[in-house]
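Colleague: Here is my input; please provide its structure:
(2 chains)
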2 protein chains.
Amino acid sequence: MTTPRRRGRPGHDLDAVLAAAVRLFNTRGYDATSMFDVAEALGITKSTLYHHVSGKEQLLSMAVDRAVDGLFEAAANIQDHQGPATVRLQELVRSSVLVLAERLEFVTLLLRVRGNTQVEQHALARRREFDTLVTDLVKQAQSEGGIRADVDPATAARLLFGMVNSLVEWYRPERGRPDALAATVVRLAFDGLRTINAKNDQGVEQEQ
Amino acid sequence: MTTPRRRGRPGHDLDAVLAAAVRLFNTRGYDATSMFDVAEALGITKSTLYHHVSGKEQLLSMAVDRAVDGLFEAAANIQDHQGPATVRLQELVRSSVLVLAERLEFVTLLLRVRGNTQVEQHALARRREFDTLVTDLVKQAQSEGGIRADVDPATAARLLFGMVNSLVEWYRPERGRPDALAATVVRLAFDGLRTINAKNDQGVEQEQ
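Modeller: Residues are numbered from 1 along each chain as shown, chains lettered A, B, ... in the order given. Reported below is the predicted structural model:
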């Protein structure tokens, strides 16, 4: 593209800027990273960098949005499913794993946000909103009888996404295809580690 | 106790020092916390603080040891169980949740360690050792037929402890008794979210 690009407009260059910034934020920490560091990592001058973004806070804001937008898009997509809530929850878990695998550095940053600035407060608020959405889906699946009623829905939602979010700690693309991993996460979360034979042996006890 | 205490000797005072240091490390970050900050939080002078510990690195070392020792004690305890590997794994998950709930701040610190110093490298090595131990237990349970064979044991171990470790993000003592939470984690991890009726409906499909 040879057309002039406005500041902050999404595109190839901005993607490269964002990727470099997020990598630095994740390795050195947001506070310890300067705009000069970001420019240096890209091999450009600070004034060229300011042509793309207004400052460090805008980089943080765009980066956490990229993570959180991915999760909300996944949530919006399942609204169209006509099936039971359990199937929608399963689909949300599956596509969240894909979002994490694809936007790993962005989600890593999002999960480390502690709420010191307005941008971080906003990111935390959207995370809470997503948690509530998952909890509501668990409640609905419980009322439909698809998900066990003997666990607190908020706790189940936290444990479920604790499992999903752990990907940022250990997932590497060379460890296998994201869709295979997503299937494994869904299998473990919904059907558990135990084999079905072992489950049936103690079915009555477990249902109590 | 009125007997003189040697530097670094475990006891009530050292516990208070450690607790204050870990709280600061977790909120401000290890690098951003000085020995002066720790002394100030305790309302003592820096020289009194140095009577207890040799420096910041010793505080970090003792703090991560407290977390990792708890997990290895849990692992040592299950060695005595005569039952199948699945039961031992279940017991390890249960007691790990109790360790996390009891030593929450210490485990939070452990899980944030990134390996910049020798102490951190050592902590990471012990975490990897624990992961290997869990993976081996999953493999054994799979060969005994207690745990589904269609998941990679290392992935299963990571997802399982991803769920357990997520407690540092959201567990608060007022959210319920640790043993009830440990039971919930075991239930979800081994038997899954789905109700048994829903499982049996699709049992054949799931086993393929």
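Colleague: switch to C-alpha atoms for all contacts and neighbour counts from now on
Modeller: Will do.
Colleague: Look at A:Gly192 and say how many residues are nearby.
Modeller: Other residues within reach of A:Gly192, judged by other C-alpha atoms under 10 Å in any protein chain shown, total 24.
Colleague: same question, A:Ala180
Modeller: Neighbour tally, A:Ala180, other C-alpha under 10 Å: 12.
Colleague: and it, helix, strand or coil?
Modeller: Here A:Ala180 is helix, with the state taken from DSSP: H, G, I helix; E, B strand; the rest coil.
Colleague: how close does it sit to chain B?
Modeller: Distance, A:Ala180 to chain B, using C-alpha to the nearest C-alpha, to the nearest Å: 10 Å.
Colleague: Low-confidence ranges, chain A, go.
Modeller: Scanning chain A for pLDDT under 70 picks out the ranges A:1-12, A:197-208.
Colleague: Which positions in it make contact with chain B?
Modeller: For chain A, the residues in contact with chain B (C-alpha under 8 Å from any C-alpha of the partner chain) are A:86, A:145-148, A:151, A:156, A:158-167, A:170, A:184-185, A:188-196, A:198-199, A:203, A:207.
Colleague: From those, which land in helices?
Modeller: A:86, A:156, A:158-165, A:167, A:170, A:184-185, A:188-191, A:196, A:198-199, A:203, A:207 (DSSP state H).
Colleague: Now the buried members of the residues you listed.
Modeller: For those, a burial check counting by 16 or more other C-alpha atoms under 10 Å in any protein chain shown picks out A:86, A:156, A:158-165, A:167, A:184-185, A:188-191, A:196, A:199.
Colleague: Packing partners of the helix or strand hosting A:Ala16?
Modeller: Element membership for A:Ala16, per DSSP states H and E: helix A:12-28. Under the contact definition 3 or more C-alpha pairs under 8 Å, 6 or more residues apart in numbering or on different chains; DSSP states H and E, helix A:12-28 sits against helix A:35-42, helix A:46-52, helix A:56-79, helix A:104-112.
Colleague: In it, which of the residues would be classed as buried?
Modeller: Residues of helix A:12-28 classed as buried: A:14, A:17-26 (neighbour count, 16+ other C-alpha under 10 Å).
Colleague: Next, the buried residues of stretch A:108-117.
Modeller: Within stretch A:108-117, the residues that count as buried by 16+ other C-alpha under 10 Å are A:108-111, A:113.
Colleague: now, which of the residues you listed sits nearest B:Thr135?
Modeller: Checking the buried residues of stretch A:108-117 against B:Thr135 by C-alpha to C-alpha gives A:Thr108 as the nearest, at 24.2 Å.
Colleague: In space, what's closest to that closest one - neighbours in sequence excluded?
Modeller: Distances taken as C-alpha to C-alpha, 6 or more residues apart in numbering or on different chains put A:Val168 closest to A:Thr108, at 5.5 Å, once the chain neighbours are dropped.
Colleague: Repeat that for A:Thr45.
Modeller: In space, and not counting its chain neighbours, A:Thr45 is closest to A:Ala39: 5.6 Å by C-alpha to C-alpha, 6+ apart.
Colleague: Among the buried residues of stretch A:108-117, which one sits closest to A:Leu137?
Modeller: A:Leu111 (21.7 Å).
Colleague: And the helix ranked longest in chain A, what's buried?
Modeller: Assignment by DSSP H gives helix A:118-143 as the longest helix of chain A. Residues A:119-120, A:123-124, A:126-127, A:130-132, A:134-142 are the ones in helix A:118-143 that count as buried (16+ other C-alpha under 10 Å).
Colleague: What helix or strand is A:Asp31 located in?
Modeller: Applying DSSP H and E, one finds A:Asp31 in no helix or strand.
Colleague: For A:Asp37, see how far away it is.
Modeller: Applying C-alpha to C-alpha, to the nearest Å, the value for A:Asp31 to A:Asp37 is 12 Å.
Colleague: what sits against A:Ala20?
Modeller: Neighbouring residues of A:Ala20 by C-alpha atoms under 8 Å, 6 or more residues apart in numbering or on different chains: A:38, A:41-42.
Colleague: With A:Gly70 instead?
Modeller: By C-alpha under 8 Å, 6+ apart, the contact list for A:Gly70 reads A:96, A:99.
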